[in-house]
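[1] show me the folded form of this:
(one chain, ligands or ions: 1)
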Amino acid sequence: MDVPSNQHEARLRSEELRSQLNYHNYRYYVLDNPVITDGEYDELMNELRAIEARYPELITPDSPTQKTGAEPLASTFEVVDHRVPLLSLSNCFSDDELQAWYRRAMDRLDADGAQLVSEPKIDGLAMALVYENGQFVQGATRGDGAHGENVTANLRTIATIPKSLTGRVPERFEVRGEVYMSRSGFERMNAAIGDLNLEREREGRKPLPIYANPRNAAAGSVRQKDATVTAGRPLSMFVYQLGWVEGGARPDSHHETLLWLKELGFPVNPEARLHSSLEDAAARIRWWGDQRERIDYDIDGTVLKFDDLDAWATLGAVGREPRWATAFKFPPQQRTTKLREIAVNVGRTGVLTPFAVLEPVVVGGATVSLATLHNEGDIRRKDIRVGDTVIVQRAGEVIPQVVAPVPSLRTGDEVEFAMPAACPSCGTPVSRDESEAAVYCPNLSCPTQQVRLLEHFASRGAMDIEGLGEKMAYTLFRAGLVTTIADVYDLGAERLAEFEEFRTRDGRLSKVAENLLAGIEKSKSRPLPNVLFALGIRHVGYETARVLAERFGGLAAVLDADAEALQGVEGIGPIVARSIADWTARGENRAVVERLVASGVDPHVTPRAAAEAGTLTGLTLVVTGRLETMSRSEAEERIREAGGKVGSGVSKSTTALVAGADAGSKLAKAQQLGVRVVDEEAFVRLLAEGPAGVLQVV
Ligand code: IVH
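    Okay, here's the model as predicted:
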């Protein structure tokens, strides 16, 4: 491995390596779908380490070399099913958005005003803690909301989390909150690690990771394999919500809940306030704008929640976001840097998107070297030129953006940007779509489009073909084995074995090829929403695909629907409807779908599909008594369709009992066990909206 001999080259190469490693970390840790082998990953990492050892001034705090080992594999921890999913929050970025959120809620509640509670939005990790008979028995991360990781042993080491409660408490209950690391604790910890590393360096040992920001440090610390390591980390927790409760009462309002939790000994944020009106709450939000630096932990906004828990039940949730709460986010962080180049990407639907190649700059704790520029019109409007000093911003987890140039710093050498007239991948003259301000390559066989589409087709949430990631997509395409997505299903052992990269040294089919074929075979039974999403139709994300699947019930029916029929579907607007109709009108696309079906791709709404997308996934319901609008067996069928389980008797593992008229012993049993009882009306809402608004609150 060659370390560049001058600092300039070393810097360029280390930036490149960092961005590659970050990408592979994302594939590995977040998507759980790596595209390179561990060996290849290690090579990249070693090269970066070697450069950083020779040029320590190039080390950035967020370099992957500083992070590896910090986050152990998810598989280290046991999976916990959350009885009631952990939701996320909608965001507001302006007063207008806040007013709109409030008004929508007032309309639904048919009220003129309501009390609100404001709390700082802690930038840490959401956790769910379970207490049984006053003892802390389980702590789990939020995970995907439905399943988290069991990190009980690590949470036991956090001093502010009570291990046992005194006084009268419900038999079993869950509290939710945020584990975080204070800023001062973070600085101290990194300084101590720095000192330790000097010592380790002298002894020739590997340095310990330095964390980029308190949030990463908290995440890394909570997910340590060894709880004694966590114990040495300055972690704390704020509890902000009572989850489910069995065998005991709960307060009627959020503010009272916070007071009650505090009385029980939970760490509740002292900055929470009760407000009599939205104006009052908005004043507190403005106050936070200046005060955020005053407190010793990172916050990224203010959370507003309605105080009345009946209002929570009435308002429910849209998707994963409750209507009864929202986060007012602080304005994003901004920095200036040089715009080196404007490059152009070809996406899977052919849209050409310009993006900024920047001189790397640290914004809000992360190094940014690439940023979106939206489209050509946007670049013109903002008058962004290559060579400009530009303002770059990053808000939360979103992709960094170029906000504006700084014209006063121009030298006169800056160059205006023009979209290429031909596709950078295939050379076909580009088309313009005036209404959407988009430029795209109209060539359906454009190689970059095809590869991107293939990658998308095989990805999670689409056909989920194990073994077919970005790298494999390129390999198959380059070898000429796959040019359209339908070719995937023509791949067989014999065909693959013709290629050296799919053979072992003694000429047999390699393990990689075998896995690929198995993954392809398995993908044939993907549910309809996944298949529709996989086709890569412009504007059709998973959610739209799900709506289409639900409305049309089969692939053929979607293909035959015209723009008018499509637009009649709730949630599908004219642009999306047009885009689908244009897609299905093209013979090439219909041919691809026909080939997929002929190859055995059999998309229908299977019970598995319902379970994956269902509102009741992970919940067990029992139905008893006489219902007004449906028979009991219909009710049970609908529970199964929504992905839920139907229990025959009430037990501790029952999520809720649906009780109609004249309910008998099951109702008594549920009451005795403290199992939630819902009436028919609540049940219908539960089917439609999931448990968030209905079951979280009694
Ligand atoms: S309420 C639906 N309150 O923000 C209720 N969340 O963006 C969601 N968070 O996953 C939780 N401080 O990790 C709530 N005072 C607070 C919070 C808070 C931080 C986090 C939480 C949640 C995320 C949603």
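
[2] all contacts plus neighbour counts: C-alpha atoms, from now on.
    Noted.

[3] pull the distance from the host helix or strand of residue 215 to the chain's centre.
    Secondary-structure assignment from DSSP states H and E places residue 215 in helix 214-222. Centroid displacement of helix 214-222 relative to its chain, using Cα atoms, centre = their mean, to the nearest Å, is 18 Å.

[4] ditto for stretch 367-381
    How far stretch 367-381 lies from its chain's middle: 23 Å, per Cα atoms, centre = their mean.

[5] give me every residue in this protein lying close to the ligand.
    87-89, 119-123, 125-126, 178, 240, 303, 322 (Cα under 6 Å from any ligand atom).

[6] hmm, 8 Å instead?
    86-91, 118-127, 142, 176-178, 239-241, 299, 302-303, 305, 320-322, 325, 327 (Cα under 8 Å from any ligand atom).

[7] next step: those residues restricted to strands.
    Using DSSP state E, the members of these that fall in strands are 90-91, 118-122, 125-127, 176-178, 239-241, 299, 302-303, 305, 321-322, 325, 327.

[8] tell me the mean pLDDT over the helix or strand following the helix holding residue 215?
    Counting by DSSP H and E, the next helix or strand C-terminal to helix 214-222 is helix 227-231. Per-residue pLDDT over helix 227-231 has a mean of 89.

[9] helices and strands around helix 227-231, which ones?
    helix 152-155, helix 214-222 (3 or more Cα pairs under 8 Å, 6 or more residues apart in numbering; DSSP states H and E).

[10] just put these in CSV and tack on mean neighbour count.
    Below are the helices and strands packed on helix 227-231 laid out as CSV (neighbours: other Cα atoms under 10 Å):
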stretch, mean neighbour count
helix 152-155, 22
helix 214-222, 24
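
[11] which one of the ones you listed has the lowest average pLDDT?
    For these, mean pLDDT drops lowest on helix 214-222, to a mean of 87.

[12] who's in contact with that one?
    Contact with helix 214-222 is made by 70-72, 123-125, 151, 154-155, 179-183, 186, 211, 229-230, 233, 235, 298, as judged by Cα atoms under 8 Å, 6 or more residues apart in numbering.

[13] quick one: low-confidence parts of the stretch 301-450 of the chain?
    Where the stretch 301-450 of the chain drops to pLDDT under 70, the residues are 364-366, 395-398, 434-437.

[14] those strands in it, which residues are they?
    Assigned by DSSP state E, counting those that start in this stretch, the stretch 301-450 of the chain shows strands spanning 317-318, 321-322, 325-329, 333-346, 352-363, 366-372, 389-394, 401-405, 431-433, 438-440.

[15] just the buried residues of the fourth one, please?
    By that I understand strand 333-346. Of all the residues in strand 333-346, those buried under the rule 16 or more other Cα atoms under 10 Å are 334, 336, 337, 338, 339, 340, 341, 342, 343, 344, 345, 346.

[16] roughly how far does the residue nearest to the second one when sequence neighbours are not counted sit from residue 338?
    Going back to what we said before, that points to residue 336. Spatial nearest neighbour of residue 336, chain neighbours left out: residue 391 (4.4 Å); criterion: Cα to Cα, 6 or more residues apart in numbering. Counting by Cα to Cα, to the nearest Å, the gap from residue 391 to residue 338 is 9 Å.

[17] still on that earlier bit, out of the buried residues of strand 333-346, which is nearest to residue 356?
    Nearest to residue 356 among the buried residues of strand 333-346: residue 342, at 4.8 Å, using Cα to Cα.

[18] tell me which residues touch the spatially closest residue to the closest one that is not a sequence neighbour, please.
    Distance criterion Cα to Cα, 6+ apart; nearest residue to residue 342, sequence neighbours excluded, is residue 356 at 4.8 Å. The contact partners of residue 356, by Cα under 8 Å, 6+ apart, come to 339, 340, 341, 342, 343, 370, 371, 372, 373, 402.

[19] same check on residue 565?
    Residue 565 neighbours (Cα under 8 Å, 6+ apart): none.

[20] begin at 26 from now on, thanks
    Sure thing, new numbering starts at 26, so read that last one as residue 590.

[21] quick revisit: which of the residues of the chain next to the ligand are buried, as a ChimeraX select command?
    Applying 16+ other Cα under 10 Å to the residues of the chain next to the ligand, the buried members can be selected in ChimeraX as follows:
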select :111,112,113,114,115,116,143,144,145,146,147,148,149,150,151,152,167,201,202,203,264,265,266,324,327,328,330,345,346,347,350,352
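
[22] which stretches of the stretch 576-723 of the chain have low pLDDT?
    Scanning the stretch 576-723 of the chain with the threshold set as pLDDT under 70 gives 629-638, 721-723.

[23] so what's the nearest residue to residue 201 once chain neighbours are set aside bridging to?
    Using Cα to Cα, 6+ apart and skipping residues adjacent in sequence, the residue nearest residue 201 is residue 153, 4.6 Å away. Residue 153 has these beta-bridge partners by DSSP bridges: residue 165, residue 201.

[24] from the ligand, how far out is residue 478?
    Using Cα to the nearest ligand atom, to the nearest Å, residue 478 is found at 31 Å from the ligand.

[25] list phi and psi for that residue.
    Main-chain torsions, residue 478, degrees, to the nearest 10: phi -70, psi -40.

[26] list the contacts of it.
    Counting by Cα under 8 Å, 6+ apart, residue 478 has contacts 373, 374, 510, 560, 561.

[27] tell me the contacts of the last one?
    Applying Cα under 8 Å, 6+ apart, one finds that residue 561 lies in contact with 373, 374, 478, 481, 482.

[28] quick check: of those residues, which has the highest neighbour count?
    Greatest neighbour count in the contacts of residue 561, by other Cα atoms under 10 Å, goes to residue 482: 27 neighbours.

[29] so what's that residue scoring on pLDDT?
    The model's pLDDT for residue 482 equals 95.

[30] so it touches residue 562, yeah?
    No. The pair residue 482 and residue 562 fails to qualify as a contact (Cα atoms under 8 Å) at a distance of 10.7 Å.

[31] before we move on, the earlier item: columns distance to residue 452 on top of the contacts of residue 381, output as TSV?
    Formatted as TSV, these follow (distance: Cα to Cα, whole Å):
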residue	distance to residue 452
364	26
365	24
366	20
367	18
368	15
395	24
396	25
397	23
398	22
427	28
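
[32] so which strand or helix has the most centrally placed residue in the chain?
    A centroid search over the chain (Cα atoms, centre = their mean) returns residue 169, at 7.6 Å, as the residue closest to the centre. Assigned by DSSP H and E, residue 169 belongs to no helix or strand.

[33] quick one, phi/psi of it?
    According to degrees, to the nearest 10, residue 169 has phi -90, psi 10.

[34] now residue 553
    Torsion angles at residue 553 (phi, psi; degrees, to the nearest 10) stand at phi -50, psi -50.

[35] distance of it from residue 616?
    Distance from residue 553 to residue 616, counting by Cα to Cα: 18 Å.

[36] what does residue 66 give?
    Going from residue 66 to residue 616 by Cα to Cα gives 39 Å.

[37] more neighbours: these two, which one.
    Neighbour count, other Cα under 10 Å: between residue 66 and residue 616, residue 66 has more, with 16 against 13.

[38] name the SS class of that one, please.
    helix (DSSP: H, G, I helix; E, B strand; the rest coil).

[39] so who does it touch?
    Taking Cα under 8 Å, 6+ apart, we find residue 66 in contact with 46, 49.

[40] show me what the residue nearest to residue 361 is bridged to.
    Beta-bridge pairing of residue 416 under DSSP bridges involves residue 361, residue 429.

[41] how close does it get to the ligand?
    For residue 416 relative to the ligand (Cα to the nearest ligand atom), the value is 26 Å.

[42] that residue reaches residue 357, doesn't it?
    No. Counting by Cα under 8 Å, residue 357 is not a contact partner of residue 416; they are 11.7 Å apart.

[43] sweet, I'm off.
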